[in-house]
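Novice: Sequence and predicted structure are below.
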Amino acid sequence: MDVSTRAVITAAVAALVAVAAFLGQFPATAHLGELPVVGMALVLTLVLAIGWPVLLELPSVLGSAVVIALGGAGAVIAVTATRGQPFLRELPVVVALAVLLAFVNELARQDGRLRLVESVTGTVTGVLVATAAAGWVAAGRAPGGTSLVVCGAVALFLGSAASAVRLGGWTGAVVTSLGAVLAGGAAGAVMPSMELLPGALIGLATGILVAALHVLFDRLPALDRRLASFAVIVLPVSVSGILVYVVGRVLVG
């Protein structure tokens, strides 16, 4: 799976997040509430958990995948069950428990615990990026929640689509960021409870994120494996969840 294909699929996943946010607004699906967004967040964490240990070539693939899946799904469930702000107040507890599970996973290894530090750090990093997907649920509950989620998802969609064009270097990063800014600003201008400037700033944040992740991961040898490619595909969408929530809280309220 080449770089352009992964970028296009990432854009499609971002579009699904926007659709999930909209489902709660239609009369026919209003009874679903935030469940579509919660479901998307859970899918992101599980796909990331399956592919992350393969992407980093961790020594205990199954154990690391289980720890990341439990941490990510636990974060989404914890945020969903939280009533009243701050919506992320239980997230540190979930992350702390997942870190403990990462050490338990190392104790359970029967392979001599080779590459111990690499295994622990890789697993904990996977937990952090998986739990970030819970930010989409929190963003949906913030003031102007649906508009905030849609704005972030649309910016991520166009930023990811722009990164599919193989421009390389700073030119590619600028085009990716500019595309996300334009998309975020346009979405912010038309969505209720949003404005052009907050939308553009959300777009800038997501665009820089997509460009940075492109530089960090898209040349790893492990991407020849399908599961590793899946992790890279959903990674920008997962991490953008917490990013959109934080930026939205600062700029929208």
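Specialist: Perfect, thanks for sending it.

Novice: use CA for all of it now, contacts and neighbours both
Specialist: Fine.

Novice: Any chance you could list what contacts stretch 51-70?
Specialist: With contacts defined as C-alpha atoms under 8 Å, 6 or more residues apart in numbering, stretch 51-70 is touched by 45-46, 48-50, 98, 101-102, 105, 109, 114-115, 118-119, 122-124, 126-127, 130, 220, 222-223, 225, 227-231.

Novice: How about stretch 164-175?
Specialist: Taking C-alpha under 8 Å, 6+ apart as the criterion, the residues outside stretch 164-175 that touch it are 3-8, 162-163, 208, 211-212.

Novice: of all those residues, which two lie farthest apart?
Specialist: In terms of C-alpha to C-alpha, the contacts of stretch 164-175 reach their longest pairwise distance at Thr5 and Ile208, which sit 19.7 Å apart.

Novice: circling back: in helices, which of the contacts of stretch 51-70 fall?
Specialist: With helices taken from DSSP state H, the overlap with these comprises 45-46, 48-50, 98, 101-102, 105, 118-119, 122-124, 126-127, 130, 227-231.

Novice: residues in contact with Glu118?
Specialist: With C-alpha under 8 Å, 6+ apart as the criterion, the residues that contact Glu118 are Leu58.

Novice: Can you tell me how far the residue nearest the centre of the chain is from Gly74?
Specialist: Within the chain, one residue has its C-alpha closest to the average C-alpha position: by C-alpha atoms, centre = their mean, that is Ser238, at 0.8 Å. For Ser238, the distance to Gly74 under the criterion C-alpha to C-alpha, to the nearest Å works out to 14 Å.

Novice: which residues sit in contact with Leu178?
Specialist: Taking C-alpha under 8 Å, 6+ apart as the test, what Leu178 contacts is 159, 204, 207.

Novice: Out of those, flag the one nearest to Arg141.
Specialist: So of these, ranked by how close each gets to Arg141 (C-alpha to C-alpha), first place is Leu204, at 22.1 Å.

Novice: where does this protein have low pLDDT?
Specialist: Residues of the chain meeting the criterion pLDDT under 70: 1, 24-31, 167-168, 252-253.

Novice: tell me the angle the helix or strand containing the residue nearest to the centre of the chain makes with helix 116-131.
Specialist: Element membership of Ser238, judged by DSSP states H and E, is helix 226-251. Relative orientation of helix 226-251 and helix 116-131, computed by axes from the mean of the first three to the mean of the last three C-alpha atoms, to 10 degrees: 60 degrees.

Novice: chain center to helix 226-251, what's the gap?
Specialist: Average the C-alpha atoms of helix 226-251, do the same for its chain, and the two points are 2 Å apart (C-alpha atoms, centre = their mean, to the nearest Å).

Novice: Show me what that helix is packed against.
Specialist: Secondary structure elements in contact with helix 226-251, counted by 3 or more C-alpha pairs under 8 Å, 6 or more residues apart in numbering; DSSP states H and E, are helix 3-23, helix 35-55, helix 116-131, helix 134-141, helix 145-163, helix 196-217.

Novice: are any of the contacts of Leu178 buried, and which?
Specialist: Among the contacts of Leu178, those that count as buried by neighbour count (16 or more other C-alpha atoms under 10 Å) are 159, 204, 207.

Novice: Next one: the last one from Pro236, what distance?
Specialist: Distance of Gly207 to Pro236, given as C-alpha to C-alpha: 10 Å.

Novice: rewinding a little: from the contacts of Leu178, which single one is nearest Pro143?
Specialist: Sorting those by how near they are to Pro143, with C-alpha to C-alpha, puts Leu204 at the top with 20.5 Å.
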